[in-house]
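K.L.:
Quick one, what's the 3D model for this:
(2 chains)
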Amino acid sequence: ILNVEQSPQSLHVQEGDSTNFTCSFPSSNFYALHWYRWETAKSPEALFVMTLNGDEKKKGRISATLNTKEGYSYLYIKGSQPEDSATYLCAFRGGANNLFFGTGTRLTVIP
Amino acid sequence: DAGVIQSPRHEVTEMGQEVTLRCKPISGHNSLFWYRQTMMRGLELLIYFNNNVPIDDSGMPEDRFSAKMPNASFSTLKIQPSEPRDSAVYFCASTPNRAQEKLFFGSGTQLSVL
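P.N.:
Numbering: from 1, shown residues only, chains lettered A, B, ... in the order given. Got it, this is the predicted structure:
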């Protein structure tokens, strides 16, 4: 089992604020890094899958960066909205094709 | 496509009983994963299959847990006998057989063992 860590564990921001979270993962045997958004009482849904060092992905107000050499990824949300409230999970895929999840960052956006 | 289908949505059982959770992956997806979600450990990988073959079951907690995938469209996770500490949400997910592809999750089975 690999160590995938996310910080912070939880976060409260005001509507309109921008925010970011961190995912750290092993820097060896890297294959892919996933980000998922998980709303309460629903299933996780994929945001991004990144495979190359230096990758940057964007989907609306949400973007992510990847540094495989140092083993971290950042997720950014610009101008947070109440509907962004969810748990954001990252997952590391190593050479064995397993996908190991972090424990997530729970974001609450206060109107 | 209806997505990944899991059943039942909720299961309440008594300690010692056998529990079987079911999953139908998305048609054409070659990899299937079983995860367990708990407050303490988040999403834990239990086992995953590739082309119906179990590849890694190192996450299965103990011999009481077993999983099968008899064909490309069906998988089961069985707990026998069940214990209260098995209470959790169990998710099934599938993906095409490429590491760059995202997981598609089912709606999960909420298991309560009394």
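K.L.:
and stretch A:101-111, how far apart are its ends?
P.N.:
29 Å (Cα to Cα, to the nearest Å).
K.L.:
Stretch A:4-21 now?
P.N.:
Stretch A:4-21: ends 13 Å apart by Cα to Cα.
K.L.:
One more: stretch A:47-54?
P.N.:
Stretch A:47-54 has an end-to-end distance of 17 Å (Cα to Cα).
K.L.:
Which residue ranges of the chain form strands?
P.N.:
Just going to use chain A. Chain-ordered strands for chain A, with DSSP state E as the definition, fall at A:5-7, A:10-14, A:19-24, A:30-38, A:45-50, A:56-59, A:62-67, A:72-77, A:86-94, A:99-101, A:105-110.
K.L.:
Oops, wrong one, chain B.
P.N.:
Counting by DSSP E, the strands of chain B are B:5-7, B:10-13, B:19-24, B:31-38, B:42-50, B:53-56, B:65-71, B:74-79, B:88-95, B:104-105, B:109-113.
K.L.:
Comparing the ones you listed, which comes out most buried?
P.N.:
With neighbours taken as mean count of other Cβ atoms under 10 Å in any protein chain shown, those reach their highest mean count in strand B:88-95, at a mean of 24. (Glycine included, C-beta is placed from N, CA and C.)
K.L.:
Any chance you could list what contacts it?
P.N.:
Residues outside strand B:88-95 that contact it (Cβ atoms under 8 Å, 6 or more residues apart in numbering or on different chains): A:43-44, B:4, B:6, B:21, B:23, B:25-26, B:29-38, B:43, B:46, B:75, B:77, B:101-106, B:108-111.
K.L.:
quick revisit: could the strands of chain A go into TSV alongside mean pLDDT and mean neighbour count?
P.N.:
Converted to TSV, those look like this (pLDDT from 0 to 100; neighbours: other Cβ atoms under 10 Å in any protein chain shown):
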stretch	mean pLDDT	mean neighbour count
strand A:5-7	95	16
strand A:10-14	96	13
strand A:19-24	96	19
strand A:30-38	93	22
strand A:45-50	94	20
strand A:56-59	96	13
strand A:62-67	97	19
strand A:72-77	97	20
strand A:86-94	93	23
strand A:99-101	87	23
strand A:105-110	96	18
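K.L.:
what would the ones you listed look like in a markdown table with distance to chain B?
P.N.:
Formatted as a markdown table, the strands of chain A follow (distance: least, Cβ to the nearest Cβ, whole Å):
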| stretch | distance to chain B |
| --- | --- |
| strand A:5-7 | 9 |
| strand A:10-14 | 13 |
| strand A:19-24 | 13 |
| strand A:30-38 | 5 |
| strand A:45-50 | 3 |
| strand A:56-59 | 12 |
| strand A:62-67 | 13 |
| strand A:72-77 | 15 |
| strand A:86-94 | 6 |
| strand A:99-101 | 4 |
| strand A:105-110 | 11 |
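K.L.:
Can I get those strands in TSV including distance to B:K68?
P.N.:
Listed next are these as TSV, based on distance: least, Cβ to Cβ, whole Å:
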stretch	distance to B:K68
strand A:5-7	33
strand A:10-14	38
strand A:19-24	33
strand A:30-38	26
strand A:45-50	26
strand A:56-59	36
strand A:62-67	36
strand A:72-77	35
strand A:86-94	24
strand A:99-101	21
strand A:105-110	34
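K.L.:
mind checking which of these is nearest B:V53?
P.N.:
Shortest separation from B:V53 across the strands of chain A is recorded for strand A:99-101, at 17.1 Å, computed as Cβ to Cβ.
K.L.:
what does that closest one rub up against?
P.N.:
With Cβ under 8 Å, 6+ apart as the criterion, strand A:99-101 contacts A:1-2, A:4, A:34, A:36, A:89-94, B:33, B:35, B:42-43, B:45, B:48, B:103.
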